[in-house]
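> model the structure of this input:
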Amino acid sequence: MRGLSARRVDFHEILLSMFLRRRLALGLIVFLAAGLVATWVWPRRRPAPQDARSSPRGREVSPGSNIGPIAKAPRLVRQAYEITFTEVPADEAGITFVHNSGDSSEKPFPAANGSGVAVLDYDLDGRMDLYFLTGTPIPPDPKRPRPINRLYRNAGSWRFEDVSSPARLADDGFSAGAAVGDFNSDGFPDVYVNCFGPNRLFCNQGDGTFAEIASAAHVANEQWGSSAAFFDYDADGLLDLFVCNYARWTLETNRYCGDPARGLRIFCSPTLVEPAPCALYHNSGSGSFQDATAPAGLSERRFRAQGVVAADFDDDGLMDLFIGNDLHPNSLFINVGGARFRDMSETSGAAHDDLGANQAGMGVDAADANRDGRLDLFVTNFAGEHNSYYENLGHDLFQEVSRLRGLAADSTPYVGWGTTLTDFDLDGWPDVLVTNGHTDDNLADLGRDTPYRQPPGLWRNESGRFSFAGARPGSYFARAHAGRGLAVGDLDNDGDADVVLAHRDSAPGLLRNERTTSGRADRSWIRLQFIGVHANRDAVGTALAIESVEPPQVQQIKGGGSYLSASELRQLVAVPPEAASISIVVRWPGGRRDVVRDLQPGASYQVIEPATMNGPPRVVTVSASAN
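Numbers count the residues shown, from 1 in each chain. The predicted model follows:
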């Protein structure tokens, strides 16, 4: 988050910016050369341990061999249709939740940042449910009930039921970000809520209820929290937890920013608050965590952290971290093994924009957007700063190319928050979606022509370059909103990605993907849910190489992403409409490589990691393809 007060830059920051710009200009040749010679290589297969966990029931299909080449299919042909969404009114869907930022005449700083939303199947019925977070007044009014977080069970056909109280998720703390992961490997997703104040860990009991265990699990961090991510950084088969913290702030130390003479107050600049340290928690396997921030090498870098995504950026089978920081350089931590990270922020090229300047990073995501086999990075930023797109050149090098790829100009006027790199039209190229909205709603009173509510932005990926869609995707995109969190999931199980957007101090937005293929039966997708046996149960860190199309498609199951929000972990894969079957290469966390063959377009599968070193993965059909 970045406030409206004039940015204060001292002499040292100016010198640093000048130095970085010169250094970046001199280094562009090196970056480009590295991009030409860098290649994507699967890590060598590693033996798996011998113990196994139980797998779900279902109808099994032939698993396919884990050796041998994959036959090439024709190149994936782009479909001739626009990305289109229909807005489903929240109240008509049964969702009565309205966010409360906690804003007041005191302008409490945390109220500016909003809250997020999580997409998860908490009851394992095959339909994605929704968990909305809210803030509270600062300080709380003892005479009034506090706002509460709300869980809505997906009843099908775009109808949702409020189950917050019976599920025991109706928490009334100041909630900011959510992370979802099966930390205890029992098959049920758990929920971590990052707060302003003590954080919460809700352990799924498997009977439709949750138990709050943050203190007992030693993860009740009391800093001003933002985003969080579950991921397995030490490859021991258990999900660990990374917690982003923003700054140190209290109402007693809150400064007055704006125009005191006229009594017009706005949120202060982030430069006026001291950054708070982030935290890495190692999963001990006994239902609790241990603080591993310092041993992992993550304690030295302290910035105002907003969004985090965990993924394998250098293709070595180990999970890395990328963090978007507010008016600080972004952070890139590369996992070097031995449960330690190396800080590659400044040397990677992913810390600054294309001119070497710091930006006000909020939401982040990662995907292979240019189809070269490496995960690229995307960061949303403040008004006057274009959203940043970093192409992965290999060898821990990135180049910021937002201007070159068509992502800069149409993002510059707006304050970006939640985001995603998702293939909405299933043509094999991840598109970009950003939700926008300013921090202050009274700027017009100060004579500033800056709207509080702002339209979202969607950029269609056209073979590595992006085209701004404007209002064409639907009526939601033609209107302005106070956007904050954003999460993606196939809410109606029709084979395309829908969107849930968290709005500050208002009801959420629900966008139904209306992808069509000229009236023909749609079989241009496969849905895959991966289940770890030796790897973590959610298989976070698993990489997919869809080698049956050209150029090869690469996807990863990531931890975190977007802003304050959690998207579903099932993977939707685009396939050629004419393909009779599809084969994929799976690289499990730790490096094991398997090939899964004979997957039918238009069908959903569970892929279960082999329990033995020489055994094949189990493939369970969840739903068959339509004829």
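
> packing partners of the longest strand along the chain?
Counting by DSSP state E, the longest strand found in the chain is strand 320-328. Judged by 3 or more Cβ pairs under 8 Å, 6 or more residues apart in numbering; DSSP states H and E, strand 320-328 is in contact with strand 305-311, strand 331-337, strand 359-360, strand 364-367. Using the backbone N, CA and C atoms, a C-beta is placed for each residue, glycine as well.

> and residue 73, what pLDDT?
Residue 73 carries a pLDDT value of 42.

> no no, residue 18
41.

> check residue 276 too.
Confidence score, pLDDT, at residue 276: 95.

> just residue 31 next, same as before
45.

> got it, and residue 3?
40.

> which residues of the chain score low on pLDDT?
1-81, 516-521, 548, 625-627 (pLDDT under 70).

> what residue of it is the furthest out?
In the chain, the residue that sits farthest from the middle, by Cα atoms, centre = their mean, is residue 261; the gap is 42.2 Å.

> separation between that residue and residue 85?
45 Å (Cβ to Cβ, to the nearest Å).

> contacts only, for the residue most central in space within the chain.
Centroid-nearest residue in the chain: residue 561, 1.6 Å away (criterion: Cα atoms, centre = their mean). Residues in contact with residue 561 (Cβ atoms under 8 Å, 6 or more residues apart in numbering) are 229, 307-309, 364-366, 420, 567.

> please redo it, this time with the cut-off set to 6 Å
By Cβ atoms under 6 Å, 6 or more residues apart in numbering, residue 561 lies in contact with 309, 365.

> what does the one 3 residues further on give?
The neighbourhood of residue 564, defined by Cβ under 6 Å, 6+ apart, consists of 116, 176-177, 227, 485.

> name the element it belongs to?
Taking DSSP states H and E as the definition, one finds residue 564 inside no helix or strand.

> near the residue nearest to it when sequence neighbours are not counted, how many residues? Count them for me, please.
Spatial nearest neighbour of residue 564, chain neighbours left out: residue 116 (2.9 Å); criterion: Cβ to Cβ, 6 or more residues apart in numbering. By other Cβ atoms under 10 Å, 33 other residues sit near residue 116.

> residue 116 contacts residue 178, correct?
Yes - between residue 116 and residue 178 there is a contact under Cβ atoms under 6 Å: 5.3 Å.

> which residues do the two both contact?
With Cβ under 6 Å, 6+ apart applied, the overlap between the contact sets of residue 116 and residue 178 consists of residue 133.

> who does the closest residue to residue 284 other than its chain neighbours bridge with?
Spatial nearest neighbour of residue 284, excluding adjacent residues (Cβ to Cβ, 6+ apart): residue 290 at 5.7 Å. Residue 290 forms beta bridges with residue 282, as assigned by DSSP bridges.

> next: residue 177.
Beta-bridge partners of residue 177, as defined by DSSP bridges: residue 194.

> ramachandran coordinates for the residue farthest from the centre of the chain?
When read as degrees, to the nearest 10, the backbone of residue 261 gives phi -60, psi -30.

> ok, residue 532 next?
Per degrees, to the nearest 10, the backbone of residue 532 is at phi -80, psi 150.

> correct me, but it touches residue 608?
No - the pair residue 532 / residue 608 is not scored as a contact, 8.4 Å apart, by Cβ under 6 Å.

> you'd agree residue 499 is in a helix?
No - looking at residue 499 with DSSP: H, G, I helix; E, B strand; the rest coil, it is strand, so not inside a helix.

> quick check: it touching residue 512?
No - in this structure, residue 499 is not within contact of residue 512 by Cβ under 6 Å, at 8.6 Å.

> hmm, back to that, contact partners for the residue farthest from the centre of the chain?
Taking Cβ under 6 Å, 6+ apart as the definition, residue 261 has no contacts.

> number of nearby residues for residue 471?
12.

> correct me if wrong: it contacts residue 477.
Yes - using Cβ under 6 Å, residue 471 makes contact with residue 477 at a distance of 4.9 Å.

> residue 621: how many residues sit nearby?
16.

> so it lies in a strand, does it not?
Yes - looking at residue 621 with three-state DSSP, it is inside a strand.

> just grab the bridge partners of it for me.
Those that pair with residue 621 in a beta bridge, by DSSP bridges, are residue 59, residue 605.

> quick check: it vs residue 511, distance?
In terms of Cβ to Cβ, residue 621 sits 29 Å off from residue 511.

> over to residue 96?
19 Å.

> which residues are in contact with residue 189?
Neighbour list for residue 189: 120, 180, 182, 204 [criterion: Cβ under 6 Å, 6+ apart].

> over to it: give its phi and psi.
phi -70, psi 130.

> report the separation between it and residue 219.
16 Å.

> one more: residue 574?
Taking Cβ to Cβ, one finds residue 574 at 37 Å from residue 219.

> can you give me the strands in the stretch 201-350 of the chain?
Secondary structure of the stretch 201-350 of the chain by DSSP state E, counting those that start in this stretch: the strands cover 210-212, 225-231, 240-245, 247-248, 257-259, 264-266, 274-275, 279-283, 289-291, 305-311, 320-328, 331-337, 340-343.

> for stretch 459-476, measure first residue to last.
Stretch 459-476 has an end-to-end distance of 15 Å (Cα to Cα, to the nearest Å).

> check stretch 195-208 too.
24 Å.

> pull out the buried residues from it.
195-204 (16 or more other Cβ atoms under 10 Å).

> same deal with stretch 389-407?
Quick answer for stretch 389-407 (16+ other Cβ under 10 Å): 389-394, 396-402, 405-407.

> before we move on, back to that, who does the longest strand of the chain pair up with?
By DSSP bridges, strand 320-328 pairs with strand 305-311 (antiparallel), strand 331-337 (antiparallel), strand 359-360 (antiparallel).

> contacts for the shortest one, please.
Pointing back at strand 359-360 there. Contacts of strand 359-360 (Cβ under 6 Å, 6+ apart): 2, 326-327, 353, 381-382, 385.

> again with stretch 493-502
115-117, 422, 424, 435, 483-488, 490-491, 508-509, 511-513, 515, 525.

> over to stretch 328-338?
Contacts for stretch 328-338 (Cβ under 6 Å, 6+ apart): 301, 303-304, 318-324, 341-345, 348, 350-352, 358, 361, 396.

> give me the helices and strands touching the helix or strand where residue 596 lies, please.
Assigned by DSSP H and E, residue 596 belongs to strand 593-599. Using 3 or more Cβ pairs under 6 Å, 6 or more residues apart in numbering; DSSP states H and E, the elements in contact with strand 593-599 are strand 582-587.

> so the strand it packs on versus strand 593-599, what angle?
Orientation of strand 582-587 against strand 593-599 (axes from the mean of the first three to the mean of the last three Cα atoms, to 10 degrees) gives an angle of 160 degrees.

> strand 582-587 pairs with which strands?
With DSSP bridges as the test, strand 582-587 pairs up with strand 543-546 (antiparallel), strand 593-599 (antiparallel).

> and those strands: which comes nearest residue 213?
strand 543-546 (31.6 Å; Cβ to Cβ).

> what would stretch 586-597 look like as PDB? C-alpha coordinates only.
What follows is stretch 586-597 as a C-alpha-only set of coordinates in PDB (Å, rounded to 0.1, in the frame of the first residue of the first chain):
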ATOM      1  CA  VAL A 586       5.200 -34.600 -14.000                       C
ATOM      2  CA  ARG A 587       8.100 -33.500 -11.900                       C
ATOM      3  CA  TRP A 588       7.200 -34.000  -8.200                       C
ATOM      4  CA  PRO A 589       8.800 -31.800  -5.500                       C
ATOM      5  CA  GLY A 590      12.300 -33.200  -4.900                       C
ATOM      6  CA  GLY A 591      12.900 -34.000  -8.600                       C
ATOM      7  CA  ARG A 592      11.200 -37.300  -9.400                       C
ATOM      8  CA  ARG A 593       9.900 -37.400 -13.000                       C
ATOM      9  CA  ASP A 594       6.900 -39.400 -14.300                       C
ATOM     10  CA  VAL A 595       5.000 -39.500 -17.500                       C
ATOM     11  CA  VAL A 596       1.200 -39.700 -17.400                       C
ATOM     12  CA  ARG A 597      -0.400 -40.800 -20.700                       C
END
